[in-house]
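Enquirer: Need coordinates for the following:
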Amino acid sequence: MFYNGHHLWGMHLVWWFVWLLLIFWIFAIPYEVPGQRKKKDTPLDILKKRFAAGEISKEEFEENKKVLEQNPTK
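Expert: Numbers count the residues shown, from 1 in each chain. Below is the predicted model:
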C-alpha cells in the first residue's frame, strides 16, 4: 500500500476516528439516552415498581414474588 503521510490503508486518519466514534456510539452509549434502545423490564422489576408506587401491599408483593421465583421467565 501507498503511504504518503496523509493516508492510512486508503482512508484519511480522520475518517478512521469518525468510524470508530460511530461504532462506539452505537454499541456503548448507555440505555438511558433518549432515542436509544431500552432494556425491557422483567416481571420482577414491574412488581417492584408497583410495590414502590403503593399499588400493591407487602403481602401481595411477597406472594407474587414467590410465584415469579417458582416460574422464572426467559
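Enquirer: Residue 63 and residue 50, how far apart?
Expert: Per Cβ to Cβ, to the nearest Å, residue 63 is found 13 Å from residue 50. Every residue, glycine included, has its C-beta placed from N, CA and C.
Enquirer: Same check on residue 65?
Expert: 11 Å.
Enquirer: can I see the domain layout of this structure?
Expert: According to automatic domain parsing, the chain comprises the domains 1-34, 40-74.
Enquirer: Which strand or helix spans residue 50?
Expert: Assigned by DSSP states H and E, residue 50 falls within helix 43-52.
Enquirer: So which bits of stretch 59-74 are buried?
Expert: In terms of neighbour count (16 or more other Cβ atoms under 10 Å), stretch 59-74 has its buried residues at 61, 64.
Enquirer: Sketch out the low-pLDDT regions of this protein for me.
Expert: Applying pLDDT under 70 to the chain picks out residues 1-11, 29-38, 72-74.
Enquirer: how about the strands in it?
Expert: 7-8, 11-12 (DSSP state E).
Enquirer: longest helix of the protein?
Expert: helix 13-28 (DSSP state H).
Enquirer: by contact count, what packs against that helix?
Expert: Helices and strands touching helix 13-28, as assessed by 3 or more Cβ pairs under 8 Å, 6 or more residues apart in numbering; DSSP states H and E, are absent.
Enquirer: Dump that helix to CSV, keeping only the CA atoms.
Expert: Output of helix 13-28 as CSV, limited to C-alpha atoms (Å, rounded to 0.1, in the frame of the first residue of the first chain):
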residue,chain,number,x,y,z
LEU,A,13,-6.8,9.1,9.6
VAL,A,14,-9.7,11.4,10.5
TRP,A,15,-12.2,9.0,8.8
TRP,A,16,-10.8,6.1,11.0
PHE,A,17,-11.5,8.3,14.0
VAL,A,18,-15.1,9.1,12.7
TRP,A,19,-15.9,5.4,12.1
LEU,A,20,-14.5,4.3,15.5
LEU,A,21,-16.5,7.0,17.2
LEU,A,22,-19.7,6.0,15.3
ILE,A,23,-19.2,2.3,16.3
PHE,A,24,-18.6,3.3,19.9
TRP,A,25,-21.8,5.5,19.9
ILE,A,26,-23.9,2.6,18.5
PHE,A,27,-22.7,-0.1,21.0
ALA,A,28,-21.5,1.7,24.1
